[in-house]
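Enquirer: quick one, fold the following:
(one chain, ligands or ions: 1)
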Amino acid sequence: MSQPTNSATVQQVEAEQLYEIQVDGRRAGVVAYRDHGDQRVFYHTEVDDAYAGQGLASRLVREALTESRGQGKRIVPVCPYVAAFLKKNTEFAEATDPVTPEISRWLDTVLA
Ligand SMILES: CC(C)(COP(=O)(O)OP(=O)(O)OC[C@H]1O[C@@H](n2cnc3c(N)ncnc32)[C@H](O)[C@@H]1OP(=O)(O)O)[C@@H](O)C(=O)NCCC(=O)NCCS
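Expert: As a prediction, this is how the structure comes out:
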């Protein structure tokens, strides 16, 4: 497959509370969230093994964070991949809230 990152598209799937990245019309990865008031808590990122290491997660997370910020949401990076992405991409710092024990407990409850 040639240059999947360039041909990939990202969209929000509100019914599933996630953003997906598609390659050739197929879902290749997701970043999942739950909304907590004006906070969007990102808790899991996953890319199919077939597409690993090609920058798809980075592209997906960048677009998900940009769109969420545009929707007025604060970003809460529970997912370690999103947290690592935010350390490297400091332009989202002003839209980011820390992961607190209260958020962690709330997330456990809504995902149970
Ligand atoms: C983590 C995952 C989403 C990365 O997908 P990918 O499309 O291969 O990632 P990209 O090519 O965009 O980025 C690779 C970068 O992610 C980093 N990375 C890989 N796994 C990571 C993790 N668990 N946490 C933080 N960073 C990670 C790599 O070190 C690499 O960094 P670099 O660009 O500075 O070298 C994918 O490997 C996956 O689905 N893993 C299983 C689920 C998982 O562990 N999810 C993360 C925690 S929720």
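
Enquirer: wait, residue 35 touches residue 14, no?
Expert: No - under the criterion of CB atoms under 8 Å, residue 35 makes no contact with residue 14, lying 9.8 Å away. From N, CA and C alone the C-beta is placed, and that goes for glycine too.

Enquirer: who has more neighbours, these two?
Expert: For residue 35 and residue 14, the more surrounded residue by other CB atoms under 10 Å is residue 35, and the numbers stand at 14 against 9.

Enquirer: which SSE is that one in?
Expert: Assigned by DSSP states H and E, residue 35 falls within strand 26-36.

Enquirer: other SSEs contacting that strand?
Expert: Of the remaining helices and strands, those touching strand 26-36 by 3 or more CB pairs under 8 Å, 6 or more residues apart in numbering; DSSP states H and E are strand 18-23, strand 39-47, helix 56-70, helix 101-111.

Enquirer: what strands flank that strand, and is each parallel or antiparallel?
Expert: strand 18-23 (antiparallel), strand 39-47 (antiparallel) (DSSP bridges).

Enquirer: quick one: residue 75 is in a helix?
Expert: No - according to DSSP: H, G, I helix; E, B strand; the rest coil, residue 75 belongs to no helix; its state is strand.
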